[in-house]
Structure formats: structure tokens, C-alpha cells
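Student: what's the 3D shape of this:
(chains A and B)
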Amino acid sequence: RKEVEQDPGPFNVPEGATVAFNCTYSNSASQSFFWYRQDCRKEPKLLMSVYSSGNEDGRFTAQLNRASQYISLLIRDSKLSDSATYLCVVNIGANDMRFGAGTRLTVKP
Amino acid sequence: NAGVTQTPKFRILKIGQSMTLQCTQDMNHNYMYWYRQDPGMGLKLIYYSVGAGITDKGEVPNGYNVSRSTTEDFPLRLELAAPSQTSVYFCASSYPGTNQPQHFGDGTRLSIL
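Tutor: You can find the predicted model right below:
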């Protein structure tokens, strides 16, 4: 089993749609969790950290379920500029980050 | 602030050649990292450093070496390039702490032919 698993997609959605991505992780001792965004042929950039109580940043909502070892990202009112690959990232300790392979999103007019 | 700067951006090597990928950061981050990303795959940690003079292996260290003589610089060395090392290499840095996100350079695209 991969340490961090994501549905690779692609997810093709119209502008204005709501889309959700899921991620599971295998290491129960994982300490912190993040969503990064990666545009084609660019570096990953932090989208948001994921907190145990769930957190929201504008149109983006992240949830963490430690019992199920599951993380989600919800994007509301999708924009064309949201088209990217979304990386689920898990810190398993001592700044050892494990990256999922990413979920590709395309938002269409 | 330049953030994390990587050079070169692109390079083609022949099998058996060696080269150094440069990485420097101006955010005074203690921690620095090298990753590789193969097509359709997640980033894999090659080496990391928690401060000047301290380095440690990540998931995929074979075929690479690093040094950390200053807080700012963290070069990655390939001694005998192999086709399997064709990849995109990212350098990153962060403050200490498990909740600290990493900040990435814009990558070096390396092809070994």
C-alpha cells in the first residue's frame, strides 16, 4: 500500500461546480497534513494546512479524519484558474514529508 | 525576497557524467530538502538537512550526495549520471517543526542520455 494515496483523476468540471478530492495515508503516526497545488511544469505551492477540526480558506475547505486516516479537499464555485494538480502531503515525523501523486483538476468554461 | 533559487533550470547530461544542482534560500530557514519528481508520480525525498553541517538520507538517496556548509546553500551532487536519474529535481526549505510548510524552488529538469 502506498503511503499517501490519491485518486489521480482527471476531474473535469464546469466553472461554478463543487468538486471534492480524497486522500488516504497509511502511517497512523503522521503528524501534520497539507494540500499543495502544482501547475503544469511548475513547483508545488502550499494551498492550505489541514487541521483536526477542519478548516476553510475562502472557497477551499479541508477536512481530516485521523481515525480513518483520510483527508479531503472541497473546492466550491470552481474557477478556470483552479485547474491544476492537487497534492496531498503528510508529515510522518521529523520533517519527513510524503507526497501523494496528485489529483488533476480541469475546470472548463 | 527571492525565496528558494535553483540553478540550472534545464540540463542534459551523458551517462557517467557528473554535475551539481545548486540551491540557495534567503529566508533563513534551518531545514532544506531535495526531492525528485518522476512523471505522474509524487515527490520523493532524496536528502534533507536540519542545519549547516548536518545532512541525512531520505527515501531515495542512492546515486546522490549533498553538503550543507552554510544555512543558505544546499547543493545536490550526481557523481555518475544514469538514465534512471532523469527527473525534475526540486529543492525546498522550511522552518523547524512538523507543522511548518515547505517552500519550493522552481525546479531543475535533468535528462540523462
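Student: can we go C-alpha only for contacts and neighbour counts from here?
Tutor: Fine.
Student: distance of B:A2 from chain A?
Tutor: The gap separating B:A2 from chain A is 14 Å, by C-alpha to the nearest C-alpha, to the nearest Å.
Student: What parts of chain A come near chain B?
Tutor: Counting by C-alpha under 8 Å from any C-alpha of the partner chain, chain A comes close to chain B at A:31-34, A:42-46, A:49, A:87, A:91, A:93-102.
Student: right, is stretch B:35-53 up against chain A?
Tutor: Yes: using C-alpha under 8 Å from any C-alpha, stretch B:35-53 comes into contact with chain A via B:G40, B:M41, B:G42, B:L43, B:K44, B:L45.
Student: From the residues you listed, keep the buried residues only.
Tutor: With burial judged by 16 or more other C-alpha atoms under 10 Å in any protein chain shown, the buried subset of the residues of stretch B:35-53 next to chain A is B:G42, B:L43, B:K44, B:L45.
Student: what residues are up against the residue nearest to the last one when sequence neighbours are not counted?
Tutor: By that I understand B:L45. Closest residue in space to B:L45, ignoring its immediate chain neighbours: B:Y35 at 4.5 Å, by C-alpha to C-alpha, 6 or more residues apart in numbering or on different chains. Counting by C-alpha atoms under 8 Å, 6 or more residues apart in numbering or on different chains, B:Y35 touches B:L43, B:K44, B:L45, B:I46, B:Y47, B:Y89, B:F90, B:C91, B:A92.
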